[in-house]
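**Student:** All I have is the shape, not the residue letters:
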């Protein structure tokens, strides 16, 4: 193999230049580096908000590369292997580098591609970076994987986490660049329709924005994070899930910032670090038990009589933020306007759907996958199964969040509810009105509508859920 053959740097959910092991290795080789993004069937299969947000992230990555006198080559092919083969033929590349992904479909694709490349004499190297701890490196004393978070945390909290890598000073360019597609031709935001214009101001795109978020959080919020993270009406979280999901910032960068904050005596820092490890735990579970993405993790829930009609009137009321339960409805509208939802809201709306409405968690998980700009396959699945009671380390089946007492505890002044619900208010918040701009017109809703009575009250829903649970043998 000639030392001068280019390296194809295949970007996927690692849309950054700093702390990028694959990119750093490619640049350190001294060989020409050709950054590539391939829109294959896996990215095409993303639902509306995640696909739109991915497209915006790709634009920002391309701009960052141009600042380094490089460029991002875009290719569309239903089969990523075919696209890579074409690029190898056009450029004479002798290697393909990429950052590992861990969902079953990506693992199957990448394993097939790596084998094919190696059989053809093409160097194929995958690198870490999306996680701090590779899932197969964290084991119990018996050599098994962890099923409960606390011992998982205790295993990893004292481990050394690699220090973040610097941005390469230079990305060696090839003598000749291959042609590429125009991103606009891919229409990655088509399914968003008019909602894209509403969501866009709430998105924080790219590596620079992610680093600014991290810096502001560490400077202004992390000290009080233990309490502030539960108050949806305040800016009390990092909001970094959007950027972590696409690799616009690395967990290593976040972890080391947390370590510095802890050393400075900021008491919320370790709680933030635990939240980073919750993300790792979700990937640990997805790696070892990929059924968590599709089936009840606890098989004893398979016979539970979930309501599984995604078109049911109660489900649609939940999706539209018209359940008559203010905390639930505010959170669902925040989701539709911003593409994100406060974590306390996620627990409340998931508990209400799966317990008060007795609806299968997959219906909620699928709706979040359609609406979240911070969608992450492992975290989304684990969160829903945790809330439903069917997952590992899940909330006990008998724990049914009461959305009325929860609002009294976490939104005492109703600032969160008033920000997101317009009906019945003389001067609705601008963000509450944006919901009616983002929603499909065929929903036929207006801020002048009366606010609905509860479709299922907190007390009735709890009683119905407990009766169903008690009839099962868990």
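**Tutor:** Looks like it arrived, so ask away. Since we're looking at a predicted model, the values are computed, not measured. Numbers count the residues shown, from 1 in each chain.

**Student:** okay, now the domains of the chain?
**Tutor:** 1-129, 131-160+198-288, 299-470 (automatic domain parsing).

**Student:** Turn these into a markdown table, columns for distance to residue 186, mean neighbour count and mean pLDDT.
**Tutor:** All C-beta spots, glycine's among them, are computed from the backbone N, C-alpha and C. A markdown table is the format used below for the domains of the chain (distance: least, Cβ to Cβ, whole Å; neighbours: other Cβ atoms under 10 Å; pLDDT from 0 to 100):
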| stretch | distance to residue 186 | mean neighbour count | mean pLDDT |
| --- | --- | --- | --- |
| domain 1-129 | 5 | 19 | 97 |
| domain 131-160+198-288 | 16 | 18 | 97 |
| domain 299-470 | 17 | 19 | 94 |
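
**Student:** contacting residues for residue 355?
**Tutor:** 388, 400, 401, 461, 462, 465 (Cβ atoms under 8 Å, 6 or more residues apart in numbering).

**Student:** Which one of the residues you listed is nearest to residue 231?
**Tutor:** residue 401 (15.9 Å; Cβ to Cβ).

**Student:** ok, for the closest one, nearest residue in space, not its chain neighbours?
**Tutor:** Of all residues not flanking residue 401 in the chain, residue 351 sits nearest, at 4.0 Å (Cβ to Cβ, 6 or more residues apart in numbering).

**Student:** for whichever strand or helix holds the one you found, packing partners?
**Tutor:** Assigned by DSSP states H and E, residue 351 belongs to helix 343-351. Packing partners of helix 343-351 (3 or more Cβ pairs under 8 Å, 6 or more residues apart in numbering; DSSP states H and E): helix 326-338, helix 361-371, helix 377-388, helix 403-410.

**Student:** One more pass at 7 Å, please.
**Tutor:** helix 326-338, helix 377-388, helix 403-410 (3 or more Cβ pairs under 7 Å, 6 or more residues apart in numbering; DSSP states H and E).

**Student:** mind putting those in TSV, distance to residue 265 included?
**Tutor:** What follows is the helices and strands packed on helix 343-351, written out as TSV (distance: least, Cβ to Cβ, whole Å):
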stretch	distance to residue 265
helix 326-338	33
helix 377-388	29
helix 403-410	26
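
**Student:** can you tell which of the ones you listed is closest to residue 83?
**Tutor:** helix 377-388 (22.3 Å).

**Student:** What's the end-to-end length of stretch 350-368?
**Tutor:** 10 Å (Cα to Cα, to the nearest Å).

**Student:** what does stretch 418-435 contact?
**Tutor:** 198, 326, 329, 330, 333, 334, 336, 337, 447, 449, 450, 451 (Cβ atoms under 7 Å, 6 or more residues apart in numbering).

**Student:** quick one: strands adjacent to the longest strand along the chain?
**Tutor:** Across the chain, the strand with the greatest residue count (assigned by DSSP state E) is strand 33-39. Paired strands of strand 33-39, with direction, are strand 7-11 (parallel), strand 73-76 (parallel) (DSSP bridges).

**Student:** quick one on the thing from earlier: now the helix holding residue 351 against helix 326-338, angle please.
**Tutor:** 110 degrees (axes from the mean of the first three to the mean of the last three Cα atoms, to 10 degrees).

**Student:** any idea of the angle helix 343-351 forms with helix 377-388?
**Tutor:** Using the same axes, to 10 degrees: helix 343-351 against helix 377-388 is 60 degrees.

**Student:** nearest to residue 209, of the strands paired with strand 33-39?
**Tutor:** Closest to residue 209 of these is strand 7-11 (Cβ to Cβ; 17.6 Å).

**Student:** Give me the residues contacting the closest one.
**Tutor:** For strand 7-11, the external contacting residues (Cβ under 7 Å, 6+ apart) are 22-23, 26, 29, 31, 33-38, 61, 84, 87, 93, 95-98.

**Student:** picking that back up, any chance of the domains of the chain in CSV, with distance to residue 182 too?
**Tutor:** Shown next, in CSV, are the domains of the chain (distance: least, Cβ to Cβ, whole Å):
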stretch, distance to residue 182
domain 1-129, 7
domain 131-160+198-288, 19
domain 299-470, 23
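
**Student:** Could you work out which of those reaches nearest to residue 189?
**Tutor:** Using Cβ to Cβ, the domains of the chain put domain 1-129 closest to residue 189, at 4.0 Å.

**Student:** Check the offset of that closest one from the chain's centre.
**Tutor:** For domain 1-129, the separation from the chain centroid amounts to 20 Å (computed by Cα atoms, centre = their mean, to the nearest Å).

**Student:** just so I know, which of the domains of the chain lies nearest residue 169?
**Tutor:** So among the domains of the chain, domain 1-129 is nearest, using Cβ to Cβ, at 8.2 Å.

**Student:** any idea what sits nearest residue 385, other than its immediate chain neighbours?
**Tutor:** Here the residue nearest residue 385, using Cβ to Cβ, 6+ apart, is residue 391, at 2.7 Å.

**Student:** Make sure the one you found is actually in contact with residue 382.
**Tutor:** Yes. Using Cβ atoms under 7 Å, residue 391 makes contact with residue 382 at a distance of 6.1 Å.

**Student:** Need the overlap of contacts for those two.
**Tutor:** Between them, residue 391 and residue 382 share the contacting residues residue 292, judged by Cβ under 7 Å, 6+ apart.

**Student:** if we can go back for a sec, from the contact counts, what lies against the helix or strand following the longest strand of the chain?
**Tutor:** The element immediately downstream of strand 33-39 (helix or strand, assigned by DSSP H and E) is helix 41-44. Contacts defined by 3+ Cβ pairs under 7 Å, 6+ apart place helix 41-44 against helix 104-119.

**Student:** Work out the gap between the host helix or strand of residue 314 and the centre of the chain.
**Tutor:** Element membership for residue 314 (DSSP H and E) is helix 313-319. Between the centre of helix 313-319 and the centre of its host chain there is 24 Å, according to Cα atoms, centre = their mean.

**Student:** ok, now stretch 136-150?
**Tutor:** 23 Å.

**Student:** Name the residues that touch that stretch?
**Tutor:** Contacts of stretch 136-150 (Cβ under 7 Å, 6+ apart): 152, 155, 156, 278, 281, 284, 287, 288, 392, 393.

**Student:** Pull up the distance across that stretch, start to finish.
**Tutor:** 18 Å.

**Student:** same deal with stretch 38-47?
**Tutor:** Stretch 38-47 end-to-end distance (Cα to Cα) = 17 Å.

**Student:** picking that back up, contacting residues around the residue nearest to residue 401?
**Tutor:** 387, 400, 401.

**Student:** TSV for the contacts of stretch 136-150, including secondary structure?
**Tutor:** As requested, these are exported to TSV (DSSP: H, G, I helix; E, B strand; the rest coil):
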residue	secondary structure
152	helix
155	helix
156	helix
278	helix
281	helix
284	helix
287	helix
288	helix
392	coil
393	coil
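
**Student:** so, if you compare the residues you listed, which one comes nearest to residue 230?
**Tutor:** The closest of the contacts of stretch 136-150 to residue 230 turns out to be residue 278 (Cβ to Cβ; 14.8 Å).
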